[in-house]
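Colleague: sharing a sequence plus its predicted fold:
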Protein chains: 2
Amino acid sequence: MGDFCIGQEIVEEKLFTEDQVRRFAELSGDRNPLHMDEGYAGRSRFHGRIVHGILVAGVISKIIGTQLPGEGSIYLEQNIQFRKPVYIDEKIIVKVKITGIANNIVTLETNAYKEDECLAVKGTAKILYEG
Amino acid sequence: MGDFCIGQEIVEEKLFTEDQVRRFAELSGDRNPLHMDEGYAGRSRFHGRIVHGILVAGVISKIIGTQLPGEGSIYLEQNIQFRKPVYIDEKIIVKVKITGIANNIVTLETNAYKEDECLAVKGTAKILYEG
C-alpha cells in the first residue's frame, strides 16, 4: 500500500470549453440539446448550455487514476449526484479526498464546487489499490 | 410526463476502439497506463488494455439523454459499480430500464453485460424528466 492517509486531498480547478463538450458529445453520442443547442438550452430552466455530467465525472476519474491514489488504482465504484448545473466556460473546483483506507480498498469523497462554493457535484468513490 | 412505463428498456450493443479510448484520455487527461500502455496493462491483473469506466458510463448517459427518457431528461444521480473490466474492442451489451416513475422523477437500472452475460457494470440512475 502506498504512502497515503485519510484526509489527503487533491484540489483542481477545471473549466470545460465548447470544444470539449462537442468532442464528448461526438465520443459518447450524447447530443442532448441541453448540451448542444444554445437556443434550446437558453429556453430551459438552466438558461444556457450545460456540460455533460459524465464529463465532470471524467475529471474525478482522471484525478483518481493518475494522482490520488494514482497508478495502480482500479475503479470499483463511483456514486455521483448532480446538484447544480455546470455551464460551458464556467470554472469549477474539483476536490478528491481520501476518507478511508482498509486493506487495499481506498474510499474517497469526490466533489465539485462552483465559484460561490455551492456544491455542483457530490459523490463518493471506492478504489482497489494495487500500487 | 411522457408516455413511459416501468419495465421499458433500451438495449444497445457497444464496442470501444483504441481510437475512442485515446480520445477520451486526451479529453479527460486520464492516461492511467491500464488504459493506455499495452505492456503495462498486459502485465496487470487484466492482461490487456481496458476501457475507462467513465467512458462506459457515457453510453448510459447517452441513452438516458437521447432515448429513454430522452430529451427533457435532467440527470440527478448515477451510481455505478465496475464489476469486470471492459477491454478495447470487446463488445458489450448496455441495458437501460425504467424501474420507477413518481411525479416527474424516473429511476432506471443501468447495466452493461459482457457477451458471456456476466455483469461488467451495474448501476442505477435518477432523472428529473421535464419533457
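Modeller: All right, it came through fine.

Colleague: for A:Tyr87, which non-adjacent residue is spatially closest?
Modeller: Of all residues not flanking A:Tyr87 in the chain, A:Gly48 sits nearest, at 5.4 Å (CB to CB, 6 or more residues apart in numbering or on different chains). Every C-beta, even on glycine, is put in place using the N, C-alpha and C of the backbone.

Colleague: ok, the one you found touching A:Ala41?
Modeller: Yes: A:Gly48 is within contact range of A:Ala41, at 5.7 Å (criterion: CB atoms under 8 Å).

Colleague: quick one: which of those two has more around it?
Modeller: Between A:Gly48 and A:Ala41, counted using other CB atoms under 10 Å in any protein chain shown, A:Ala41 has the larger neighbour count: 21 against 14.

Colleague: what kind of secondary structure is that one in?
Modeller: Here A:Ala41 is helix, with the state taken from DSSP: H, G, I helix; E, B strand; the rest coil.

Colleague: distance check, the closest residue to it other than its chain neighbours against B:Asn104.
Modeller: Nearest non-adjacent residue to A:Ala41, counting by CB to CB, 6+ apart: A:Arg49, 4.3 Å away. Distance of A:Arg49 to B:Asn104, given as CB to CB, to the nearest Å: 22 Å.

Colleague: between the two, who's got more neighbours?
Modeller: Neighbour totals were compared for A:Arg49 and B:Asn104, and A:Arg49 leads with 22 against 15 (other CB under 10 Å).

Colleague: ok, back up a step: right, and the residue nearest to A:Ala41 touches A:His35 too?
Modeller: Yes: the pair A:Arg49 / A:His35 is scored as a contact, 6.0 Å apart, by CB under 8 Å.

Colleague: what sits in contact with each of those two?
Modeller: Residues touching both A:Arg49 and A:His35 by CB atoms under 8 Å, 6 or more residues apart in numbering or on different chains: A:Val21, A:Ala41.

Colleague: near chain B, which residues of chain A?
Modeller: Counting by CB under 8 Å from any CB of the partner chain, chain A comes close to chain B at A:20, A:23-24, A:27-35, A:45, A:52-55, A:57-59, A:61-62, A:65-66, A:71, A:73-82, A:130.

Colleague: show me which of those residues are buried.
Modeller: Buried subset of these (neighbour count, 16 or more other CB atoms under 10 Å in any protein chain shown): A:20, A:23-24, A:27-30, A:32-35, A:52-55, A:57-59, A:61-62, A:65-66, A:71, A:73-82.

Colleague: who's in contact with the residue nearest to A:Tyr87?
Modeller: Counted by CB under 8 Å, 6+ apart, A:Gly48 has contacts A:Glu38, A:Ala41, A:Gly42, A:Tyr87, A:Ile88.

Colleague: so the second one sits against A:Ile50, correct?
Modeller: Yes: if you go by CB under 8 Å, A:Ala41 and A:Ile50 touch, sitting 6.8 Å apart.
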